[in-house]
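1. here is my input; please provide its structure:
(6 chains)
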Number of protein chains: 4
Amino acid sequence: MSTTLISLKLDSDIPLYEQLRNQIVLGIATGKLQPQEKLPTVRQLAEELGINTMTVNKAYALLKQEHYIVIDRRHGAKVHAHPGKAAIDEEAADQLEQKLELMIAEASLQGVAADTFYNLCARIYSRMNIQKA
Amino acid sequence: MSTTLISLKLDSDIPLYEQLRNQIVLGIATGKLQPQEKLPTVRQLAEELGINTMTVNKAYALLKQEHYIVIDRRHGAKVHAHPGKAAIDEEAADQLEQKLELMIAEASLQGVAADTFYNLCARIYSRMNIQKA
Amino acid sequence: MSTTLISLKLDSDIPLYEQLRNQIVLGIATGKLQPQEKLPTVRQLAEELGINTMTVNKAYALLKQEHYIVIDRRHGAKVHAHPGKAAIDEEAADQLEQKLELMIAEASLQGVAADTFYNLCARIYSRMNIQKA
Amino acid sequence: MSTTLISLKLDSDIPLYEQLRNQIVLGIATGKLQPQEKLPTVRQLAEELGINTMTVNKAYALLKQEHYIVIDRRHGAKVHAHPGKAAIDEEAADQLEQKLELMIAEASLQGVAADTFYNLCARIYSRMNIQKA
DNA sequence: GTGGTCTAGACCACT
DNA sequence: GTGGTCTAGACCACG
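-> Prediction:
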């Protein structure tokens, strides 16, 4: 993983560990991080980013819990082998719908029409190398 | 406003004032709260929800700052008259794109295909009474 | 006084009585309200603006206290005869300086250069019919 | 930051959190607070000033929202790096003009001539270390 | 140790 | 009656 993938904003409202988690998720979805690819060790990544190892640790633990990565004692952390394999559970689906609903509501009230919103989605999809589930 | 509109989860990781803000935004976007409609007073809502007035106050202040509602000294808080009037600024557009990108990435990795995602969007749009700007 | 002079924003952060006071002060400074000119009665103005008489009353009392108007029991409220006559007292001068200092500070931090600021002042002066003191 | 920078008037009609915000803005504009400089912690400042932490918190939140300061989760609040970078938006410009108009009107009616007013501005500008944008 | 959130209860300004 | 402000003191999330 080239570290240029990760850029943290220290003064963001989003916690560092969450920014880190988000960017790794994005990396996986876009194919910049390949299935089975080895991630840097907690210590390496922490040093490169200039942040606390605890913070990286928390991000990795979260990613593991969400099945985005697997942690192997012998080889460290690796991207999960089968992206999209885990069928979406009902809870995650609900949460997705709620978040999307709020986002669409906000966009609409700011004057973003449905067409514009769909176009934006399409643009995002096209620039992601979405892995077939 | 029927209070059934609002339901707070006390054990959520989203702050109460933000949950409140989100649900009011949703109420406006879906037309359950009409433009110019009067919102409950800070005290009323706080009592009904069993939370502190300061918490409601913070939510109202946030909504006011975002121009979702206006505060009339004589009659309390009201839904803003012109939903969708305020043109989206560049910063908000960027933020929308980033949030949407992450959401699409997560959905994809959970096996939600683009088609499914678009259908979900369509369903959300159809149940909102999007106000013409 | 033509009432078109006054326009209140019911949802402003500035109290109604203060908005009213400000606009009358502006009217006097720009010459739209002439020295000795009779102001509407409290009741008239309140009705025209659709606000409470107490609010108008408070504005008039404030203007009287600041010597912008005089209140004559027989003829109601009138604009003070000698605008600019009352020499500025030290307290008012201090207050002016502090307010101006804060305003200049904010403007500067928002990227308004001194030149731009002076131009703005000049424009304001030119569109006021400043009465000779 | 030397605390002598801040002096609150408990009996003022300006809220404490706003006085605090104003004085910090002034400190930044005058260069007494340098870009990137660390501000006292919420607790420290509250104790020094003898006020509640929530009040300081509110002032900091306001300054953050206005982009005067940034909050770094690791080290607390700091003065923003680029003073004057954010271009003034139309709304802020309008508000500045209105406030300045009222101020000039009041000054004129108190016998402050245009020359005197310009001199006052010049004095204020000269004692500020206006940062180049 | 930092800021962020929340509570219970009080007082004030505005209309 | 409304929202706005402030306090004292508590707990939590983040790093």
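2. how close does the residue lying farthest from the centre of chain A get to chain C?
-> Relative to the centre of chain A, and counting by CA atoms, centre = their mean, the farthest-placed residue is A:G111 at 28.0 Å. Using CB to the nearest CB, to the nearest Å, one obtains 20 Å as the distance from A:G111 to chain C. For the C-beta atoms, the positions are set from N, CA and C on the backbone; glycine is no exception.
3. specify the local secondary structure of that residue.
-> Assigned state for A:G111: coil (three-state reduction, DSSP: H, G, I helix; E, B strand; the rest coil).
4. for B:E106, see how far away it is.
-> To B:E106, A:G111 is 26 Å away according to CB to CB, to the nearest Å.
5. name the SS class of the residue in chain A that DNA strand E sits nearest to, please.
-> Per CB to the nearest atom of the strand, A:D13 is where chain A lies closest to DNA strand E, at 7.8 Å. When classified by three-state DSSP, A:D13 comes out as coil.
6. next, count neighbours for the residue of chain A found nearest chain D.
-> Among all residues of chain A, A:D11 sits closest to chain D, at 4.0 Å; criterion: CB to the nearest CB. Counted with other CB atoms under 10 Å in any protein chain shown, residues neighbouring A:D11 total 17.
7. was I right about it contacting D:V70?
-> Yes: using CB atoms under 8 Å, A:D11 and D:V70 qualify as a contacting pair, with a distance of 4.0 Å.
8. okay, now the residue nearest to A:L49 when sequence neighbours are not counted: neighbour count?
-> The spatial neighbour of A:L49 that comes closest, neighbours along the chain excluded (CB to CB, 6 or more residues apart in numbering or on different chains), is A:L8 at 6.0 Å. Per other CB under 10 Å, the neighbour tally for A:L8 reads 16.
9. A:L8 reaches A:R21, doesn't it?
-> No: A:L8 is beyond contact range of A:R21, at 11.3 Å (criterion: CB under 8 Å).
10. what is in contact with those two at once?
-> Taking CB atoms under 8 Å, 6 or more residues apart in numbering or on different chains as the contact rule, A:L8 and A:R21 touch no residue in common.
11. sec struct for A:A77, please.
-> strand.
12. ignoring the adjacent residues along the chain, who's closest to it?
-> A:L39 (4.2 Å).
13. the residue most central in space within chain A is in what secondary structure piece?
-> Of all residues in chain A, the one closest to the mean position by CA atoms, centre = their mean is A:V25, 2.1 Å from it. Counting by DSSP states H and E, the element that carries A:V25 is helix A:16-29.
14. packing partners of that helix?
-> With contacts taken as 3 or more CB pairs under 8 Å, 6 or more residues apart in numbering or on different chains; DSSP states H and E, helix A:16-29 sits against helix A:53-65, helix B:90-109.
15. would CSV of those with mean pLDDT be doable?
-> Formatted as CSV, the helices and strands packed on helix A:16-29 follow (pLDDT from 0 to 100):
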stretch, mean pLDDT
helix A:53-65, 95
helix B:90-109, 93
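16. I'd like to know which of those is closest to DNA strand F.
-> helix A:53-65 (4.8 Å).
17. ok so, going back, and the residue of chain A closest to DNA strand E, how many residues sit next to it?
-> For A:D13, using other CB under 10 Å, the count is 9.
18. how about A:S126?
-> 10.
19. A:D115 too?
-> So A:D115, with other CB under 10 Å, has 8 neighbours.
20. quick revisit: tell me the spacing between the residue nearest to A:L49 and B:E91.
-> Distance from A:L8 to B:E91, by CB to CB: 19 Å.
21. could you do A:K64 as well?
-> Taking CB to CB, one finds A:K64 at 34 Å from B:E91.
22. the two: who's more crowded?
-> A:K64 (14 against 8).
23. surely the more buried one and A:I71 touch.
-> Yes: counting by CB under 8 Å, A:I71 is a contact partner of A:K64 at 5.3 Å.
24. so what sits against both of those two?
-> Joint contacts of A:K64 and A:I71 (CB under 8 Å, 6+ apart) are A:A77.
25. flag the shaky bits of chain A, pLDDT-wise.
-> A:1-3, A:83-88, A:129-133 (pLDDT under 70).
26. mark out where each domain of it begins and ends.
-> A:3-79, A:90-127 (automatic domain parsing).
27. hmm, the first one touching DNA strand F?
-> If I follow you right, that is domain A:3-79. Yes: contact of domain A:3-79 with DNA strand F (CB under 7 Å from any atom of the strand) involves A:15-18, A:51-52, A:54-55, A:58.
28. just the buried residues of the residues you listed.
-> A:16-17, A:51, A:55, A:58 (16 or more other CB atoms under 10 Å in any protein chain shown).
29. farthest-separated two in the residues you listed?
-> Pairwise distances across those peak at 10.6 Å for A:I51 and A:K58 (criterion: CB to CB).
30. what does the helix holding A:V25 contact?
-> So helix A:16-29 is contacted by A:1, A:5-10, A:12, A:14, A:33, A:39, A:49, A:51, A:55-56, A:58-59, A:62-63, A:68-69, A:79-80, A:83, A:128, A:130-131, B:101-102, B:104-106, B:108-109, D:73 (CB under 8 Å, 6+ apart).
31. after that helix, next one along is what?
-> helix A:42-49.
32. and that next one, which residues are buried?
-> For helix A:42-49, by 16+ other CB under 10 Å, it's A:42, A:45-46, A:49.
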